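# My questions concern the predicted model and sequence given below.
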There are 6 protein chains.
Amino acid sequence: MAERLDQFRAFREKMNARILESGNLDIKRFFALDSRAYEAGALPVKTKELLGLVASLVLRCDDCVTYHIVRCREAGTTREEFFDAFNVAIVVGGSITIPHLRRAVATLDEVEQMQ
Amino acid sequence: MAERLDQFRAFREKMNARILESGNLDIKRFFALDSRAYEAGALPVKTKELLGLVASLVLRCDDCVTYHIVRCREAGTTREEFFDAFNVAIVVGGSITIPHLRRAVATLDEVEQMQ
Amino acid sequence: MAERLDQFRAFREKMNARILESGNLDIKRFFALDSRAYEAGALPVKTKELLGLVASLVLRCDDCVTYHIVRCREAGTTREEFFDAFNVAIVVGGSITIPHLRRAVATLDEVEQMQ
Amino acid sequence: MAERLDQFRAFREKMNARILESGNLDIKRFFALDSRAYEAGALPVKTKELLGLVASLVLRCDDCVTYHIVRCREAGTTREEFFDAFNVAIVVGGSITIPHLRRAVATLDEVEQMQ
Amino acid sequence: MAERLDQFRAFREKMNARILESGNLDIKRFFALDSRAYEAGALPVKTKELLGLVASLVLRCDDCVTYHIVRCREAGTTREEFFDAFNVAIVVGGSITIPHLRRAVATLDEVEQMQ
Amino acid sequence: MAERLDQFRAFREKMNARILESGNLDIKRFFALDSRAYEAGALPVKTKELLGLVASLVLRCDDCVTYHIVRCREAGTTREEFFDAFNVAIVVGGSITIPHLRRAVATLDEVEQMQ
């Protein structure tokens, strides 16, 4: 299980490096903005990561969901809080998000078992 | 300005009533679930409304954005917090969300002027 | 009210004519395919128009929804059947479709009043 | 082949169980609404499942498409009717849906071979 | 007609100013990246603006389409080239983009009449 | 690596054949329109394939991205031009497109290694 998360991380890191070494400066800047968006500001990190998680779920991107579940967990999100956020996501995004919710809960289970 | 918000509210209430009087019980239940999703639970109301706001921005629904701006404001969201949430939304959703951000900020300005 | 539908039809016809007179043959062919998709085949017209209506609702296109409501009605769709289709659309597409549902029901009310 | 469908079903059932045992009552209610949306009402089951299929295709969710193909088939949808519905989906949703159509037809072939 | 374009520009400029004066530095940086994406690089301005136009059409954002039509025109795009790009957009994005195509052609007509 | 591209091509060809032998004439016509959209016209092939690539990235379809990368490359697109197009796509479509960008760059690497 942890294997699936490891593969995700390895591919992510490898390809991010390939993208950043392309020499396209504006893509590099976009990646920097993406990281900064979740740093503590007027809103705390945990809230921002939850915003990223729900946005990823309603836009239905499994990789983004995986990433934000790991980050939300690191920021102290409890299982009950995750399901509250999941509920907002399926109400806003509808049943079309349910297959992504299934994979999100599988990922959450994996992340919790690793600790 | 407040006029635009009033029209939104009037049409929303009128048509919600028309929908609920249709006799379709499951649509009625969906509307109930939609309301409950933003009630205090493991996550507080303010966080849930911010989740609804960012989900609405990345899915690019002006009416939903208007609704959640009003609710976020009632839950005590500050202007700085709104812009932190807006920033997450445009980073996740891209420049295609910017026209909706313009209307969101116009709505936020109106809501703040009403108080 | 009927005025709103008339304006929609007038703009639609005027611009379709402008598009078709552009001389781009493939766009012309696409428009022909679009019309044929709702003609009677293995599935009857009414079912196909309901498919077009629900697809338009979950993709959240008000003009497309208006068009298919008129066509569904011409094909004999009852108010109860419309709400059954609306229910499928909001369950699949989530609360983000509700503002479009409100406008859809307003359109349905107008169409029914014209007869 | 049937193996792929079996894996889909097994993961779906396992994760649905995980989700429902989370104790989040509103997610449970959403799942119930999702099931009820396809029960016979003013519209028959077959029409509702076709609505679910086309909505899933234009929103491009392979798992949802797989699910509704199985259900449409159980409700008596013929191969010609499936292709009529597929045609509506690609006309509405465009060539971006074609990779999903390929997988949908592969699934339909599998489902037909199982009987 | 030109009036509609003027209103679009006035609201766009007013609200961009409101957004940039919010003090959120990362939103400011995102706006800068958005502008730079269409500057001459390995690809010429005209090609980049056409990329922006087709991306806006398939994502169905009227304001973005209006903006890129004006910019494509300034970069020397001919009516025949516009319709070639429109054709790619409706083939990729399907009939759901047609209402946006109608408004795009109305905008193109306005822009051409202003010159 | 080339293996992954071969599998994509094999499945694509096999299922396209299955779809075209279904006897649904309008789906056949849609496939023909899809091919013609990228033929030389007022715009050259390379520009049209880049339009297809960016449209596929912002709509987040990996198979479509793979297909257009191969075609763009055949039309003479350089690595710098690809990254210019990728930059437009992530600015328009946001960070939600980044997982697709990673896979796009992996595909581009594979395509370049095959030559």
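Structure received.

# Against chain D, how distant is residue A:44?
Using Cβ to the nearest Cβ, to the nearest Å, residue A:44 is found at 23 Å from chain D. To be clear about C-beta, it is placed using only N, CA and C from the backbone, and glycine gets the same treatment.

# How about residue A:107?
Relative to chain D, residue A:107 is positioned 11 Å away (Cβ to the nearest Cβ).

# could you list every residue that touches that residue?
Neighbour list for residue A:107: A:5, A:65, A:66, A:69 [criterion: Cβ atoms under 8 Å, 6 or more residues apart in numbering or on different chains].

# Before we move on, what's the pLDDT of residue A:2?
Looking at residue A:2, its pLDDT is 72.

# What's the local residue count around residue A:33?
Residue A:33 has 18 neighbours, counted by other Cβ atoms under 10 Å in any protein chain shown.

# Name the helix or strand for it, please.
According to DSSP states H and E, residue A:33 maps onto helix A:25-36.

# do that helix and chain E meet?
Yes. Using Cβ under 8 Å from any Cβ of the partner chain, helix A:25-36 reaches chain E at A:26, A:29, A:30, A:33, A:36.

# Name the nearest residue to the second one, ignoring sequence neighbours.
Yep, that's residue A:29 we're talking about. Leaving aside its sequence neighbours, residue A:29 sits nearest to residue E:33 (Cβ to Cβ, 6 or more residues apart in numbering or on different chains; 5.8 Å).

# Reformat the contacts of residue A:107 into CSV and put neighbour count next to each item.
Formatted as CSV, the contacts of residue A:107 follow (neighbours: other Cβ atoms under 10 Å in any protein chain shown):
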residue, neighbour count
A:5, 16
A:65, 26
A:66, 25
A:69, 27
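
# just these now: which is nearest residue F:108?
Of all those, residue A:66 has the smallest distance to residue F:108: 23.5 Å, by Cβ to Cβ.

# Okay, buried residues for the helix or strand where residue A:100 lies please.
Secondary structure assignment for residue A:100, by DSSP H and E: helix A:98-113. In terms of neighbour count (16 or more other Cβ atoms under 10 Å in any protein chain shown), helix A:98-113 has its buried residues at A:98-108, A:110-111.

# can you check stretch A:15-32 too?
Neighbour counts over stretch A:15-32 (16+ other Cβ under 10 Å) mark A:15, A:19, A:22, A:24, A:26, A:27, A:29, A:30, A:31 as buried.

# Return the residues of chain A in contact with chain F.
Neighbours of chain F within chain A, by Cβ under 8 Å from any Cβ: A:11-12, A:15-16, A:18-19, A:22-24, A:26-27, A:30-31, A:34, A:37, A:55-56, A:59, A:61, A:63-64.

# Tell me the spatial nearest neighbour of the residue nearest the centre of chain A, not counting adjacent residues.
With distances taken as Cα atoms, centre = their mean, residue A:68 lies nearest the centre of chain A, 2.1 Å away. The shortest distance from residue A:68 to any non-neighbouring residue, by Cβ to Cβ, 6+ apart, is to residue A:53 (3.9 Å).

# Which helix or strand contains the one you found?
Taking DSSP H and E as the criterion, the element that holds residue A:53 is helix A:45-58.

# okay, that helix in PDB with CA atoms only?
The C-alpha trace of helix A:45-58 is given here as PDB (Å, rounded to 0.1, in the frame of the first residue of the first chain):
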ATOM      1  CA  VAL A  45      -2.000  25.900   6.700                       C
ATOM      2  CA  LYS A  46      -4.600  23.300   7.700                       C
ATOM      3  CA  THR A  47      -7.500  25.400   6.300                       C
ATOM      4  CA  LYS A  48      -5.600  26.000   3.100                       C
ATOM      5  CA  GLU A  49      -4.700  22.400   2.600                       C
ATOM      6  CA  LEU A  50      -8.400  21.500   3.100                       C
ATOM      7  CA  LEU A  51      -9.300  24.100   0.500                       C
ATOM      8  CA  GLY A  52      -6.800  22.400  -1.900                       C
ATOM      9  CA  LEU A  53      -8.300  19.000  -1.000                       C
ATOM     10  CA  VAL A  54     -11.900  19.900  -1.700                       C
ATOM     11  CA  ALA A  55     -11.000  21.900  -4.900                       C
ATOM     12  CA  SER A  56      -9.100  18.800  -6.100                       C
ATOM     13  CA  LEU A  57     -12.000  16.500  -5.300                       C
ATOM     14  CA  VAL A  58     -14.700  18.600  -7.100                       C
END
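
# For that helix, name the packing helices and strands.
Secondary-structure packing of helix A:45-58 (3 or more Cβ pairs under 8 Å, 6 or more residues apart in numbering or on different chains; DSSP states H and E): helix A:62-74, helix A:79-93, helix A:98-113, helix B:45-58, helix B:79-93.

# ok so, going back, quick check: the residue nearest to the centre of chain A touching residue A:48?
No. Counting by Cβ atoms under 8 Å, residue A:68 stays clear of residue A:48, with 9.6 Å between them.

# what distance separates the helix or strand of chain A with the lowest mean pLDDT from the centre of its chain?
In chain A, no helix or strand scores lower on mean pLDDT, DSSP states H and E than helix A:2-20, which sits at a mean of 94. Per Cα atoms, centre = their mean, to the nearest Å, the displacement of helix A:2-20 from the mean C-alpha position of its chain is 14 Å.

# Not counting it itself, show me its contacts.
For helix A:2-20, the surrounding residues in contact (Cβ under 8 Å, 6+ apart) are A:27-28, A:31, A:63, A:66-67, A:70, A:107, A:110-111, A:113-114, F:101-103, F:105-106, F:109.

# Same check on stretch A:39-55?
Stretch A:39-55 has contacts (Cβ under 8 Å, 6+ apart) with A:37-38, A:64-65, A:67-69, A:71-72, A:75-77, A:81, A:85, A:88-89, A:92, B:43, B:47, B:50-51, B:54-55, B:58, B:78, B:80-81, B:83-85, B:88-89, B:92-93, F:96.

# Contacts only, for the residue of chain A positioned farthest from its centre.
Within chain A, the residue lying farthest from the chain centre (Cα atoms, centre = their mean) is residue A:23, at 26.3 Å. By Cβ under 8 Å, 6+ apart, residue A:23 lies in contact with F:80, F:83.
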